[in-house]
Each structure stands twice: as structure tokens, then as C-alpha cells.
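*Asks:* only the shape, not the letters, is given here:
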């Protein structure tokens, strides 16, 4: 399809513009007073501001049907993991996973996300391949650009949640064989891939020994894949690294060949000044997940210090079981606010937060033609409808969606030049999505209760 987006109140781009021309999924022209050409479909943006789609660099789609579980409402990370994800995920079937993924993608899309890096860790020794296939299929059906961060563990480890779950982990040989199968079947080596695979053991400190982590890093680099994991979400990570390995978590990562410009970690809440210096020197990135960190009482990641040191910074929603909303717009709004509360009003700027949520995220994922509204970039574009009561009176029109936060009012969202959301309708029928989610919810409860 060819499109002309015309007459926007504002566009997040490097030049003053009101119009965007799109052909074959690529932005071909950005300017003002562009004339419609033969075969183009006109999109009226006269009441809208136009953003590049958000790039969510850390998520757990399986948690989309694990929101607000009573046992975990007032628990910190370790106990929460035992009460919520590790209790429920072994009971998730491919059918349940598909419903959860579609539900999660819908929540992300309606908040402005066009690329999702999902840290999918539902693997054990007998996991059927259909469980992972369900995530890829849901992304295709919803039109989402998916980076599947392939998690899992090769030991029962020391994390309280995993240790209590009684899950039989994969062997390193089985994990590598399955990774190779996924790479061959799904990974796309193109400039604007809709499918990417990332090597992502669930927790660097707790889920795999050093020798296994080295094998995983070498597999990733031999196949030019990015690398991702959880690190220093809580103080327990640091304590266990000292107890098990006699060194800090970041030094352990270095020993295991898990630092570099091809690596990013979720959380890093407990990163020290020395950690930040090492991460910065190696160009290792972060996915900052403020809502989840607040929800679980983990703390606030020191991203202002990381920014000053030159670390690559991106934003992640994390799982809906520990953020409940599944909204990237909320994450940007909270990122803007929370660091001002602790570091002063000049510590976070709206333009920088937006950059973290778009082009920085794309760069960390290695998607060099994603995350900007520029000629030659993928047409991952979101139109925020400002013709709503809640936006009236806003003097900073371009940043109104982030300033005002949820609920988002999106007129239209496209990914790779394909319209995936329009006036609250997505590619999967909304009523059908809800019905399947409710059925999967009941099925999961039945399985957990035995």
C-alpha cells in the first residue's frame, strides 16, 4: 500500500514537517504541503501528533494473564517469582500462550508500541516447540515486530522463585540445539526484520553456570545475534554473585563474555558506580523498567548516572504480572517523572525520554532502520489523536501524549507500512481476543488448581 499522512499538528522528526509519504513499508518523503499521488491512500492527521512507534526492549508476554495474583500483591521479587510466574508458567499450554501473547500485543499496540522484545523463558526439559511457536504466530497475526529473547535455565539455580518451582531445566546441549532450530526457522537477516532471535538466559547470576554462559555467548556471536538477560534487579543478585563467584555481578558477566555493544540487561537497579563505569566502557545497554521496579519495591535504576557515563539506555514495560498495565506510554511518563523526583527537575527531559523509548531501543536491538521518522526508515508510525478532552489546554502539543500519560488515544498505528490498529480495532477481532483470553484464564486456573 501507498499512504500519504497529511496535515499533522506535529511530527517527531529532525525537520519541521506535517506530512509523511510511505511506499512498500518504507518512509519515502517527509515534508509539508505534499500532494497526493496516484494510488496513495490519504490519512488525515490534522488532529494528531505523529510519533515513531515505541520500541519496548523488555517484556514477558506470558504474564498477560497473570495480573494481580493475590498471593503476590505485596511481595518483593524473590517471593513474588515463586507465587506468580514460576507457579503458573509450567501450566501454560501453547493455546494459553497464544492468547496471552495476543492480549499482550494488543495492550502494547494501543499504547504506541510497534516493536516488542519479549523475554520468553517458558522452557524446561520437556517444553514442546509449539509453546515458542505460539508467540511467533501471535506476533504475525497481530502485525507486531517481534524480537524473541529466548530465555531458559540450565540449572535450578539460586533464585528463590526458580528453586521452589520444581522445574527440570534444559541441559546446555538441549538449549543450544533448540536455539539453533529457532534461529533456522524464524530469524530474519534483513534491514527491517519482522522477526529476530536473541540469546537470553533468564538470569545471568541464577540460571546458568559460567561455562554454559560462555557457550551461549559464543553461539550468539557466531550467529551475529544480540544477547540479553536480567541483572542486578535486586541486591540478592549482588550477594549471590559474591557468594558463588567471589566477584561482583558485572565482573562475573565480563568473565562469562557477557558484556559489549551486543548485550543489554533488564533492570540494573542495584548497579554501583563501578558497575556503571564498566558497563559504559563496554557499551553494554539497559532496559529501564520503572513501573515493575516500583511495583515490586526493587528500587529505581540509576539511569541519570548511566546517561552521564554514556551507557545506551532504553525502556521496557516488563511483564503485566508486575506492571499490570502493559503500557509503554506509562513507562515513558513514569521515567520522566520518577527521576525528577529523586534527581531534580532538570534530570530528565521529554525529548530524551522519547529518544530512549524509540531510536535508542531500536539501536540496542540492532534495528538500524527502525525508531525514527526519516526517509529510508521502516514505516512504524503512530498517530495520537489530540481531539480529546484530556489533551485540551496543552501548550506542548508534540509531547502531550507523554505529558498526559494514559489513557492513550491513538487514531492509527502502522508497522512496516501496514495498518495494525485503527480507532481501537486491531488485526485480531477485539471481542474474539477477549473471549479467548477469558477461556485461557479459566483453563489456566483449572490446571494450577489440579
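*Replies:* Done, it's in. Model, not experiment: these values are computed from the prediction.
*Asks:* and the residue nearest to residue 49 when sequence neighbours are not counted, its phi and psi?
*Replies:* The shortest distance from residue 49 to any residue that is not its chain neighbour, by CB to CB, 6 or more residues apart in numbering, is 4.4 Å, and that residue is residue 10. Quick note: C-beta positions are derived from backbone N, CA and C, even for glycine. Per-residue torsions, residue 10: phi -170, psi 150 (degrees, to the nearest 10).
*Asks:* same thing with the one 10 residues further on?
*Replies:* In terms of degrees, to the nearest 10, the main-chain angles of residue 20 are phi -140, psi 130.
*Asks:* likewise for residue 146?
*Replies:* Torsion angles at residue 146 (phi, psi; degrees, to the nearest 10) stand at phi -110, psi 130.
*Asks:* again with residue 216
*Replies:* In terms of degrees, to the nearest 10, the main-chain angles of residue 216 are phi -70, psi -40.
*Asks:* ok, now which ones touch it?
*Replies:* Remark: with contacts taken as CB atoms under 8 Å, 6 or more residues apart in numbering, residue 216 is in contact with 172, 175-176, 179, 199, 201, 208, 227.
*Asks:* and the gap between it and residue 189?
*Replies:* 20 Å (CB to CB, to the nearest Å).
*Asks:* longest helix in this structure, please.
*Replies:* The helix spanning the most residues in the chain, taking DSSP state H as the definition, is helix 430-449.
*Asks:* excluding chain neighbours, what is closest to residue 307?
*Replies:* Leaving aside its chain neighbours, residue 307 sits nearest to residue 313 (6.0 Å; criterion: CB to CB, 6+ apart).
*Asks:* show me what contacts the one you found?
*Replies:* Under the criterion of CB under 8 Å, 6+ apart, the neighbours of residue 313 are 285-286, 288, 303, 306-307, 356, 360.
*Asks:* let's see that with 10 Å instead.
*Replies:* Contact analysis of residue 313 by CB atoms under 10 Å, 6 or more residues apart in numbering lists 57, 264, 285-288, 301, 303-304, 306-307, 335, 352-353, 355-357, 360-361, 364.
*Asks:* pLDDT score assigned to the residue nearest to residue 49?
*Replies:* Confidence at residue 10, expressed as pLDDT, is 97.
*Asks:* quick one on the thing from earlier: can you pull out the residues in contact with the longest helix of the chain?
*Replies:* Counting by CB under 10 Å, 6+ apart, helix 430-449 makes contact with 64-67, 87-93, 95-100, 102-106, 142, 424, 426-429, all of which sit outside it.
*Asks:* what bridges to the residue lying closest to residue 48 once chain neighbours are set aside?
*Replies:* What sits nearest to residue 48 in space, not counting adjacent residues and going by CB to CB, 6+ apart, is residue 383, at 4.3 Å. Beta-bridge partners of residue 383, counted by DSSP bridges, are residue 50, residue 412.
*Asks:* if I look at residue 383, how far off is residue 49?
*Replies:* As defined by CB to CB, residue 383 lies at a distance of 8 Å from residue 49.
*Asks:* of the contacts of helix 430-449, buried ones?
*Replies:* Taking 16 or more other CB atoms under 10 Å as the criterion, what is buried in those is 64-67, 87-90, 92-93, 96-100, 102-106, 142, 426-428.
*Asks:* now residue 349: how far from residue 277?
*Replies:* Distance from residue 349 to residue 277, by CB to CB: 24 Å.
*Asks:* neighbour count for these two, which is higher?
*Replies:* The neighbour comparison of residue 349 against residue 277 (other CB atoms under 10 Å) goes to residue 277, with 16 against 12.
*Asks:* residues in contact with the more buried one?
*Replies:* Counting by CB under 10 Å, 6+ apart, residue 277 makes contact with 250, 271, 305, 309-311.
*Asks:* between the residues you listed, which sits nearest residue 343?
*Replies:* Within these, the smallest distance to residue 343 is 9.0 Å, found for residue 305 (CB to CB).
*Asks:* contacts only, for that closest one.
*Replies:* 271-273, 276-277, 280, 311, 343.
*Asks:* for residue 257, helix, strand, or coil?
*Replies:* Reducing the assignment at residue 257 to three states with DSSP: H, G, I helix; E, B strand; the rest coil gives coil.
*Asks:* pLDDT score for it?
*Replies:* The per-residue pLDDT reported for residue 257 equals 98.
*Asks:* low-confidence regions, the chain specifically.
*Replies:* Low-confidence segments of the chain, defined by pLDDT under 70, are located at 157-166.
*Asks:* please name the bridge partners of residue 418.
*Replies:* The bridge-partner assignment for residue 418, based on DSSP bridges, gives residue 415.
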